[in-house]
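A.B. asks: Task: produce atomic coordinates for the following.
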Amino acid sequence: MSALARPSMEDAPGGPAAGRATSRPPAGHGPNFARVVTSEWTKLTSLRSTAMISVATVVVTWALTYLAANASSVDPGFVPLDSLTTGLLLAQVGPLVLGILAGTGEFTSGTFRSTLTAVPKRLPVLAAQVVAAGAFALLVAAATVGAAVAALVPAASSRGISLDLTADGTPQVMVGMTTYLVAMALLGLAVGALLRSPVPAIALTVVLVLVLPVLLSLSSELVTGPTSAPVAADVPSQQSVVNTVVTFLPSGAADLLVRAPGSSGIEGAPDLGPWVGALVLAGWILLPLTAAAVRLRARDVA
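C.D. replies: Got it, this is the predicted structure:
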């Protein structure tokens, strides 16, 4: 009877059992995926460099497109929309750097320790970075494409030409530009998350996206030469082989995405269409992203 009458010290108010009960986090307040995405979005948008790179991307795209359109406006057959993709060559650098900063930021600052302590499974953090960076890149890409369209207006007005954004495959070109810019941000994020350092990540992606296609084209021209005899129709020349390889690089995929229907593509390369271009870009993103996920899951982050 005395055992029934005397309460346990653990069950008493303020006892150990009460301490264990109050130390548990309330239900619904754990690190679910939506909260992780919100956290990654806040980290990305709170950086001063994010705003600076975004504004620079939009401004540079507008300036390059404006200059190209005005230079072409003196031609008798001037078509303003032909200059729409002029600024894409440099516009892609901004989202690429944004993605790299998103993928390497926590490893550079050392805050990854607290992040992975809060989210021990690790992979949701990488997935949340992909969602946050992709969503932000979509906003930047939409603003960039809008700036490119706005840059065509002065040259078109000077010739009395109205811009018809619904004709001649222009919607496909605009969607392709937006898709490519978002893909560049995700590629930068994937490579940054894999290498965990911004300098080598930027160097690798710039070589892959900008330098390698030019080097391949130059090497092919040096080997074949302008006076080289044509090869048989059923045997691809070195130039066509190189151009085919370039088609499967990110820059070649961009050409497939932003090419208007009916326009000629890279000489000697297969015309695979915008859907294949999107798949090529997806492959370039998924390869380093998968490697980054394996490294994040299997190895220590220190």
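A.B. asks: Per-residue pLDDT of residue 215, please?
C.D. replies: We have a pLDDT of 89 for residue 215.
A.B. asks: how close does it get to residue 284?
C.D. replies: Distance of residue 215 to residue 284, computed by Cβ to Cβ, to the nearest Å: 18 Å. For every residue, glycine as well, the C-beta is placed using N, CA and C.
A.B. asks: Compare these two (neighbour count), which wins?
C.D. replies: residue 284 (23 against 12; other Cβ atoms under 10 Å).
A.B. asks: Go ahead and confirm that one touches residue 251.
C.D. replies: No. With contact defined as Cβ atoms under 8 Å, residue 284 does not reach residue 251; the gap is 10.6 Å.
A.B. asks: residue ranges of the helices in the stretch 101-250 of the chain, please?
C.D. replies: Using DSSP state H, counting those that start in this stretch, the helices of the stretch 101-250 of the chain run over 112-118, 123-158, 170-195, 198-206, 212-224, 238-247, 250-258.
A.B. asks: Nearest to residue 87, out of the ones you listed?
C.D. replies: Closest to residue 87 of these, according to Cβ to Cβ: helix 123-158, at 5.7 Å.
A.B. asks: and the closest one, what other elements does it pack with?
C.D. replies: When contacts are defined as 3 or more Cβ pairs under 8 Å, 6 or more residues apart in numbering; DSSP states H and E, helix 123-158 sits against helix 33-45, helix 48-72, helix 93-109, helix 170-195, helix 273-298.
A.B. asks: before we move on, the earlier item: residue 90 is nearest to which of the helices of the stretch 101-250 of the chain?
C.D. replies: Closest among these, using Cβ to Cβ: helix 123-158, at 10.6 Å.
A.B. asks: Also compute the angle for that closest one relative to helix 170-195, please.
C.D. replies: 140 degrees (axes from the mean of the first three to the mean of the last three Cα atoms, to 10 degrees).
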